[in-house]
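J.: okay, sequence plus prediction incoming.
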Amino acid sequence: MPAAAATAAAAIATASVSSPDGSTVATSVAAGTTAASSKANSNNSPASSGRHQLRPVKYDYADSFACTYVVSVVAASIAELATYPLDLTKTRLQIQGEAANVATASRTNMQYRGMVATAFGIVREEGALRLWQGVTPALYRHVVYSGVRICSYDLMRKEFTQNGTQALPVWKSALCGVTAGAVAQWLASPADLVKVQIQMEGRRRLMGEAPRVHGAAHAFREIVNRGGIKGLWKGSIPNVQRAALVNLGDLTTYDTIKHLIMHRLQMPDCHTVHVLASICAGFVAAIMGTPADVVKTRIMNQPTDELGRGLLYRGSVDCLRQTVGKEGFVALYKGFLPCWIRMAPWSLTFWLSFEQIRKMIGASSY
């Protein structure tokens, strides 16, 4: 009997020394006191306690603000790389035929007219890799834009509901989407400005014009040298307007259509529902955001003087007035088809990647 008691005490002491966690030590001592004669019970108790203690830490981290921010940036980067050629095609379509710029480029120099002709023209004249020209600042943009957009929307959603566990009404979802999109785009506007200017360099070279920038870093320096820090937000007003409208169409429409399909058609939350909802969301977002996108692109692409002031438009309203007056209302929807075709797969790729990554790291469904 004394030998058995000494053996049990030695086992408890060994477990206490080998465990760095204070709570595990307490559990081992308690287990040894109540069941010193059962070695299996005393060995299983600390392991089981350790597993239960690790789960809340993993869950809290996966659902934290920082982790959600990183996951949203990664998912947005995947979607951007997959659909970027359509964004480049859309930008070229919105710029070509710009009536206010006839002094520097005649209509006879315009090689492309439609979406397919523009895309094939870029591949034929500039090379296939030029379809990803400007993708670097586009990825920089999503480091700010997508992270702020998703996280701010999630925070506002939790404020409106019981920790985000309930579905938002349409008007609250719209309010959250508009606010999140506007704030995120204003912060990311400098990267968007650099992206637009780089996208147009291939077209300028084909038209025999001298290149304005030679890369993302050079474009950033040139913008600051011409207009100062304030120049980085050239075109930010239509940019913010577009982002607010796009997020209103994307987030609100996706959420509404998704739940409508699931309830009316009695379908589970599956990939088919995601595809249908993302196509509808992309269509609504393209309708609402394309006019502001055209104005934003033209203001960002216009040449500037030494003080950073635009030479073609005085502001967003002036650009809108000149575009409608000289080219008609239809000009506001130049690039609508590639814009919609890009938004649908972008939204689908983003949300599928976002949800899958969160599932892999143990986070809850967004």
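T.: Arrived safely. Numbers count the residues shown, from 1 in each chain.
J.: which ones are touching residue 261?
T.: Residues touching residue 261, when contacts are defined by Cβ atoms under 8 Å, 6 or more residues apart in numbering, comprise 267, 273, 276, 277. Just so you know, the C-beta spots here come from the backbone N, C-alpha and C atoms, and that holds for glycine as well.
J.: buried ones among those residues?
T.: 273, 276, 277 (16 or more other Cβ atoms under 10 Å).
J.: quick check: pLDDT value at the second one.
T.: This means residue 276. pLDDT, the model's per-residue confidence, is 84 for residue 276.
J.: circling back: for the contacts of residue 261, which one is nearest residue 223?
T.: Within the contacts of residue 261, distances to residue 223 taken as Cβ to Cβ reach their minimum at residue 277, with 37.9 Å.
J.: pLDDT-wise, which helix or strand of the chain ranks last?
T.: With mean pLDDT, DSSP states H and E as the measure, the helix or strand of the chain carrying the lowest mean pLDDT is helix 22-34 (a mean of 41).
J.: between the buried ones among the contacts of residue 261, which is nearest residue 337?
T.: Scanning those for proximity to residue 337, where the rule is Cβ to Cβ, the winner is residue 276, at 19.6 Å.
J.: so how far is residue 342 from that closest one?
T.: 18 Å (Cβ to Cβ, to the nearest Å).
J.: for the residue positioned nearest the centre of the chain, which non-adjacent residue is spatially closest?
T.: Nearest to the geometric centre of the chain sits residue 146, at 3.0 Å (Cα atoms, centre = their mean). Spatial nearest neighbour of residue 146, excluding adjacent residues (Cβ to Cβ, 6 or more residues apart in numbering): residue 76 at 3.6 Å.
J.: buried set for stretch 64-77?
T.: Neighbour count says stretch 64-77 has 67, 68, 69, 71, 72, 73, 74, 75, 76, 77 buried, by 16+ other Cβ under 10 Å.
J.: repeat for stretch 130-137
T.: Along stretch 130-137, the positions that meet the burial threshold by neighbour count (16+ other Cβ under 10 Å) are 130, 131, 133, 134, 135, 136, 137.
J.: so the residue nearest to the centre of the chain: helix, strand or coil?
T.: The three-state label for residue 146, taken from DSSP: H, G, I helix; E, B strand; the rest coil, comes out as helix.
J.: give the contact list for it.
T.: Taking Cβ under 8 Å, 6+ apart as the test, what residue 146 contacts is 72, 73, 75, 76, 184, 350.
J.: try it again at 10 Å.
T.: 69, 71-77, 79-80, 184, 188, 350, 354 (Cβ atoms under 10 Å, 6 or more residues apart in numbering).
J.: out of the residues you listed, who's nearest residue 304?
T.: residue 188 (20.7 Å).
J.: who are the packing partners of the one helix or strand the closest one maps to?
T.: Assigned by DSSP states H and E, residue 188 belongs to helix 170-199. Helix 170-199 is packed against helix 65-95, helix 135-160, helix 216-227, helix 236-247, helix 253-264, helix 271-301, with contacts defined by 3 or more Cβ pairs under 10 Å, 6 or more residues apart in numbering; DSSP states H and E.
J.: let's see 6 Å
T.: Using 3 or more Cβ pairs under 6 Å, 6 or more residues apart in numbering; DSSP states H and E as the contact criterion, the secondary-structure elements in contact with helix 170-199 are helix 135-160, helix 216-227, helix 236-247, helix 271-301.
J.: so where's this structure uncertain?
T.: Counting by pLDDT under 70, the low-confidence segments of the chain come to 1-60, 94-113, 162-167, 199-208, 211, 307-308, 365.
J.: can you put the buried residues of stretch 64-77 in CSV and add distance to residue 260?
T.: Written out in CSV, the entries for the buried residues of stretch 64-77 read as follows (distance: Cβ to Cβ, whole Å):
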residue, distance to residue 260
67, 30
68, 26
69, 30
71, 27
72, 25
73, 30
74, 29
75, 24
76, 26
77, 30
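J.: of the residues you listed, closest to residue 193?
T.: Within the buried residues of stretch 64-77, the smallest distance to residue 193 is 18.4 Å, found for residue 76 (Cβ to Cβ).
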